[in-house]
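[1] what's the 3D shape of this:
(one chain, ligands or ions: 1)
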Amino acid sequence: MSKKPIIVFEGIEGSGKSHHINKVSKYLDKKKINYIKIREPGGSLNSEKIRRLILNKKSNFNIYTDLLLYLAARSENINLIKKTYKKKIILIDRFTDSTIAYQHYGMGVDLNIINIINRFLLKNIKVNFTFLNIVNKKNLFQRLKNRKSLNRYDQFDMNFYNKVQKGFLKLAKSNKKTYKIIDSNLDIKTNEDLIINQIKKLIK
Ligand code: TMP
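    Have a look, this model is predicted:
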């Protein structure tokens with residue numbers, strides 16, 4: 001029987017994670033393999049409502065309100081994830097690592113609070129594999145500049161994104177077996193092939 005893992009795509013703005021998750025879903029469509037794809041914040045009706053609130057440029061919540069809103073958005077996805085867990089492949093565009101990288105490493109929120117609420121929400125649900133997309137400063141600057149619709153979290157300075165990316169890398173290095181680092185400074189096709197090959201291994 002084929003495996004039905006939870007596979008997460010992480011990385012800072014402009015790292016190419018959304019491009020790669022879309023490539024993977026196209027691959028699974030072509031192979032007629034069942035899966036669901038969600039994004040965070042968002043992914044379900046209520047979670048998308050919370051996404052709009054958090055990312056609206058007119059919002060000016062403090063860092064704890066932001067944290068609680070990201071977790072609230074996750075809470076609204078958990079039922080869907082629980083229902084699908086081990087029945088279908090689950091692809092997620094950002095998940096718990098984003099909360100640790102942005103709210104803890106980027107904004108300084110206490111890591112314990114984040115871990116406690118994540119554990120409470122996820123219970124026995126475990127991410128099987130994470131693709132961490134990384135990007136260098138020059139490319140990040142260029143990609144952010146070219147973005148059409150800037151949201152509230154697209155507007156931080158380079159220093160912030162550096163801290164967040166370093167946070168992601170710490171998480172990846174603490175558990176090398178379940179992470180693959182995708183260097184988006186390399187050729188995109190090479191990375192697409194690398195990811196699809198890994199996906200094949202994860203689901204066979
Ligand atoms: P994106 O979906 O376009 O990548 O944007 C979502 C933004 O939300 C992105 O800047 C990262 C941020 N975010 C957090 O700060 N904490 C979280 O827990 C999640 C899921 C996202």
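
[2] give me the buried positions along stretch 26-41.
    Buried residues in stretch 26-41, counting neighbours by 16 or more other CB atoms under 10 Å, are found at Y27, L28, Y35, I36, K37, I38, R39, E40, P41. Any C-beta I mention is one placed from the backbone N, CA and C, and that applies to glycine too.

[3] give me the below-cutoff pLDDT ranges for the chain.
    The model of the chain has pLDDT under 70 over residues 1-2, 148-149.

[4] got the residues of it near the ligand?
    E13, R39, E40, P41, Y70, R94, S98, T99, Y102, Q103, Y153 (CB under 6 Å from any ligand atom).

[5] and those residues as a markdown table, adding distance to K145 and secondary structure?
    Output for those, formatted as a markdown table (distance: CB to CB, whole Å; DSSP: H, G, I helix; E, B strand; the rest coil):
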| residue | distance to K145 | secondary structure |
| --- | --- | --- |
| E13 | 11 | coil |
| R39 | 23 | strand |
| E40 | 25 | coil |
| P41 | 24 | coil |
| Y70 | 26 | helix |
| R94 | 22 | coil |
| S98 | 22 | helix |
| T99 | 27 | helix |
| Y102 | 21 | helix |
| Q103 | 25 | helix |
| Y153 | 16 | helix |
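
[6] can you select the buried ones from these in ChimeraX?
    To isolate the buried ones among the residues of the chain next to the ligand in ChimeraX, judged by 16+ other CB under 10 Å, type:
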select :13,39,40,41,70,94,98,99,102,103,153
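
[7] what's the helix or strand for V109?
    Assigned by DSSP states H and E, V109 belongs to neither a helix nor a strand.

[8] follow-up on the earlier one: closest to the ligand among the buried residues of stretch 26-41?
    Closest approach to the ligand among the buried residues of stretch 26-41 (CB to the nearest ligand atom): E40, at 3.9 Å.
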